[in-house]
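Peer 1: from the sequence below, what's the structure:
(chains A and B)
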There are 2 protein chains.
Amino acid sequence: MVKELREKSGAGMMDCKAALAATGGDLEKALDELRSKGLAAAKKRSSRVTREGAIDSYIHAGGRIGVLVEVGCETDFVARSDQFKEFTHDLAMQVAAANPLWVTRDEVPAEVVEREKAVYAEQAKGKPENVVEKIVGGKLEKFFVEVCLMEQPFVKDTEKSVERLRTDLVGVVGENIEVRRFARFQLGETQEG
Amino acid sequence: MVKELREKSGAGMMDCKAALAATGGDLEKALDELRSKGLAAAKKRSSRVTREGAIDSYIHAGGRIGVLVEVGCETDFVARSDQFKEFTHDLAMQVAAANPLWVTRDEVPAEVVEREKAVYAEQAKGKPENVVEKIVGGKLEKFFVEVCLMEQPFVKDTEKSVERLRTDLVGVVGENIEVRRFARFQLGETQEG
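Peer 2: Numbers count the residues shown, from 1 in each chain, chains lettered A, B, ... in the order given. You can find the predicted model right below:
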């Protein structure tokens, strides 16, 4: 049902879960709930081209961790706005603190997903097939929330996801906002020994 | 001869060329010249482990270009020094301005080198074999100087290479300094259209 709501609304997984919980599992009401919060509207905007934007950086722990992020928006006006700058800065801090590996779950390579699933299935071995399936599905969701930037709980307010932070900004500035990529360097991580 | 001097001294190509020019092509004198400048001594230090260091960033053109660099040194003391910080900052600016693709020529993939050589050989086709070889070798050197960070002329003083900037710092701080990696984001470069 969360999946169906995600497809219908285009909102993030955590938002859909919350909406379903708040409406006692009523899909249409949950959809209205998302719309009223401006989360479903974000879907329409997300197809609009983001040609402007900014690169931001964040250096943590006296130079032991460094992050670059690229965020796109539609106009230079928004790119220069304080809200946008705050978002890119929060995002860079998020990457430094929570060490995501990909921006969205779509970017996780298929072989990584397969390997995770095999491990979870092995751990649940002996249980009925439908139970194993459920366990694997649940653990995979947790994995995505851990390693995908947009699904991570926002470090400065763990009640909302980073994706929610993005849709909040979309609601405020009225433009599509796209988190394009990030790089994260940790001192010595490429060294042997 | 430049190659031989590089191997004997461990100094950068531009420094070896300059030393040979200054000594009228006398290899041993050129080696002494490099030693007197502390450029050959840098060789010995380069095997020492760099466990400390720093990540630095640079944002250019109002957020349209962003750079991360990681530089290693041997002690935290040097990592905190003004000279080291100036070096990492200059390095990040260099990457932003001169857009290198690799740190050293050793990192350039063999297939890239082969493709370049094939293009240069095609351009020189019809000439005697030894001439073609010379042309290909010369153009390949120019290619490395263009795309390898350490071989690029330093943007703030194009008389010296970035490698020379590094060995100068080695001479000042008395520690091995290692430019480990960089990342460079340019706004919109991953976008289609």
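Peer 1: for chain A, what lies in contact range of chain B?
Peer 2: Residues of chain A lying close to chain B by CB under 8 Å from any CB of the partner chain are A:49, A:51-59, A:62-68, A:70, A:72, A:79, A:88, A:180-181, A:183, A:185-188, A:190-191, A:193. Backbone N, C-alpha and C define where each C-beta goes, glycine included.
Peer 1: can you say which of those residues are buried?
Peer 2: Buried subset of those (neighbour count, 16 or more other CB atoms under 10 Å in any protein chain shown): A:52-59, A:63-68, A:70, A:72, A:79, A:88, A:180-181, A:183, A:185-187.
Peer 1: backbone phi and psi for the most centrally placed residue in chain A, please?
Peer 2: With the centre of chain A defined as its mean C-alpha position, the nearest residue by CA atoms, centre = their mean is residue A:150, 1.2 Å away. Main-chain dihedrals, residue A:150, degrees, to the nearest 10: phi -70, psi -20.
Peer 1: and residue A:53, by the same measure?
Peer 2: Dihedral angles (degrees, to the nearest 10) for residue A:53: phi 140, psi -160.
Peer 1: how about the residue nearest to it when sequence neighbours are not counted, secondary structure?
Peer 2: Of all residues not flanking residue A:53 in the chain, residue A:72 sits nearest, at 3.8 Å (CB to CB, 6 or more residues apart in numbering or on different chains). At residue A:72, secondary structure determined by DSSP: H, G, I helix; E, B strand; the rest coil is strand.
Peer 1: follow-up on the earlier one: among the buried ones among the residues of chain A next to chain B, which ones are in helices?
Peer 2: A:79, A:88 (DSSP state H).
Peer 1: which helix in chain A has the most residues?
Peer 2: Assigned via DSSP H, chain A shows its longest helix as helix A:129-147.
Peer 1: before we move on, the earlier item: touching, the residue nearest to the centre of chain A and residue A:108? I think so.
Peer 2: No - Residue A:150 is beyond contact range of residue A:108, at 11.7 Å (criterion: CB atoms under 8 Å).
Peer 1: spell out the residue ranges of the strands in chain A.
Peer 2: A:52-60, A:65-73, A:153-154, A:157-161, A:178-186 (DSSP state E).
Peer 1: list the strands paired with the third one, with their directions.
Peer 2: Translated: strand A:153-154. Within its sheet, strand A:153-154 is paired with strand A:157-161 (antiparallel), according to DSSP bridges.
Peer 1: and if you look at the last one?
Peer 2: Strands flanking strand A:178-186 in the sheet, each with its direction: strand A:65-73 (antiparallel) (DSSP bridges).
Peer 1: for the partner strand, output the C-alpha coordinates as PDB.
Peer 2: In PDB, the C-alpha atoms belonging to strand A:65-73 read as follows (Å, rounded to 0.1, in the frame of the first residue of the first chain):
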ATOM      1  CA  ILE A  65      35.900  14.800   6.300                       C
ATOM      2  CA  GLY A  66      35.000  16.800   3.200                       C
ATOM      3  CA  VAL A  67      31.800  16.900   1.100                       C
ATOM      4  CA  LEU A  68      30.700  18.300  -2.200                       C
ATOM      5  CA  VAL A  69      27.000  18.400  -3.200                       C
ATOM      6  CA  GLU A  70      25.300  19.500  -6.400                       C
ATOM      7  CA  VAL A  71      21.700  20.700  -6.200                       C
ATOM      8  CA  GLY A  72      19.700  21.800  -9.200                       C
ATOM      9  CA  CYS A  73      16.800  24.300  -9.400                       C
END
